[in-house]
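**Student:** return atomic coordinates for the entry below.
(one chain, ligands or ions: 1)
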Amino acid sequence: MPSMYEYPKYYELVFGKRNIKKEVDFLESLFQKFSGRKIKTVLDIACGTGPHMDELEKRGYALAGLDNSFKMLRILQEMPHRNNFIGAYRQDMRNISIRRKFDACICMVNSLAILTENKDLISHFDSVVGVLEQGGLYIIEMDNPVNILSNPKPYEKAKTHRKLVKKGNISIEVIYEQRGFNLLKGTEQNRLTLNVNDAGKTIKIVDDSPIRRLLPTEIELLLRINKRLELVEIRGAFDYATSLHDKNSNRMIIILKKK
Ligand SMILES: C[S@@+](CC[C@H](N)C(=O)[O-])C[C@H]1O[C@@H](n2cnc3c(N)ncnc32)[C@H](O)[C@@H]1O
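**Tutor:** Have a look, this model is predicted:
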């Protein structure tokens, strides 16, 4: 079954609504506040169609994107770029191999949660070390696990959310079923169904991929195994005011630095 990332046009319609400018404002302020070097080059890991890349490029940074989906990268490459576009790499984030190094890496939305196995997370962090300059930052955005796991009700029984998304002659019925939490593996099993009607053509996309709910303490363990990346801070939103424990926090922004 192909994942929803094989349908970038519909993925963007359903998940594209974000305040990218505000998110990039915060990324820039983290670059300035915490980096041990001036940040000029950035690698966007699991970049998709590269919404953050576009905004960072506009602000003068030189950008590269990495993703394992050919279809996502094709859209990224077809977008207008400035001369500060380094390139698009079709690679697996568990095993990144790029000859050059970057001043910063970012991994946005909940992309790191796609890696559900410890061994994959360990090799991911190892390979990030290989593409990050000394003193450079690795900034990861995830869902806030404190917010999600401190309220166990959603996992007591399957819960279903539905919404309809429309744009032009495309309409998508989105069905999101929460199908339980695997306490042994720390993963959430959801099913996302997109019933697409694209100008009369109907497509059903079903994505059953589990996602990992990483806790801050597991991140600490991963960094102890990695040894080359250190934890700078974890914030609860794209601002300095919100902590992971705030009620209104639904993000976990992890700021790492290469020693
Ligand atoms: C949640 S999307 C995020 C896209 C983009 N960063 C954004 O902010 O819109 C996750 C992306 O991860 C990519 N992906 C999934 N598994 C991957 C892997 N093992 N290695 C590299 N990319 C992967 C998907 O193709 C998809 O584009």
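**Student:** contacting residues for the residue in the stretch 1-150 of the chain positioned nearest to the ligand?
**Tutor:** Per CB to the nearest ligand atom, residue 48 is where the stretch 1-150 of the chain lies closest to the ligand, at 2.7 Å. Where you see a C-beta, it was placed from the backbone N, CA and C, and this is true even at glycine. Neighbour list for residue 48: 5, 8, 11, 67, 69, 72, 76, 111 [criterion: CB atoms under 8 Å, 6 or more residues apart in numbering].
**Student:** and the strands in the stretch 1-150 of the chain?
**Tutor:** Chain-ordered strands for the stretch 1-150 of the chain, with DSSP state E, counting those that start in this stretch as the definition, fall at 41-45, 62-67, 85-90, 102-107, 132-143.
**Student:** tell me which of those lies nearest to residue 191.
**Tutor:** When those are compared by CB to CB, strand 132-143 sits nearest residue 191, at 17.1 Å.
**Student:** that closest one to strand 41-45, inter-axis angle?
**Tutor:** Inter-element angle recorded for strand 132-143 and strand 41-45: 40 degrees (by axes from the mean of the first three to the mean of the last three CA atoms, to 10 degrees).
**Student:** in its sheet, what does strand 132-143 sit against?
**Tutor:** Paired with strand 132-143 in the same sheet, following DSSP bridges, are strand 102-107 (parallel), strand 251-258 (antiparallel).
**Student:** hmm, who's touching the last one?
**Tutor:** The contact list for strand 251-258, computed with CB under 8 Å, 6+ apart, reads 26, 30, 34-36, 129, 132-146, 216, 219, 223, 228-238, 244.
**Student:** deepest in the core, which of the strands paired with strand 132-143 is it.
**Tutor:** Of all the strands paired with strand 132-143, strand 102-107 has the most neighbours on average by mean count of other CB atoms under 10 Å, namely a mean of 25.
**Student:** for the closest residue to the ligand within the stretch 151-259 of the chain, list the residues it contacts.
**Tutor:** Residue nearest to the ligand within the stretch 151-259 of the chain: residue 209 (8.5 Å; CB to the nearest ligand atom). Shown in contact with residue 209 (CB under 8 Å, 6+ apart): 3, 114.
**Student:** which of the contacts of residue 48 sits closest to residue 61?
**Tutor:** The closest of the contacts of residue 48, once distances to residue 61 are taken by CB to CB, is residue 76, at 15.4 Å.
**Student:** I'd guessed that closest one sits against residue 50; true?
**Tutor:** Yes: Residue 76 is within contact range of residue 50, at 4.4 Å (criterion: CB atoms under 8 Å).
**Student:** please enumerate the shared neighbours of those two.
**Tutor:** residue 65.
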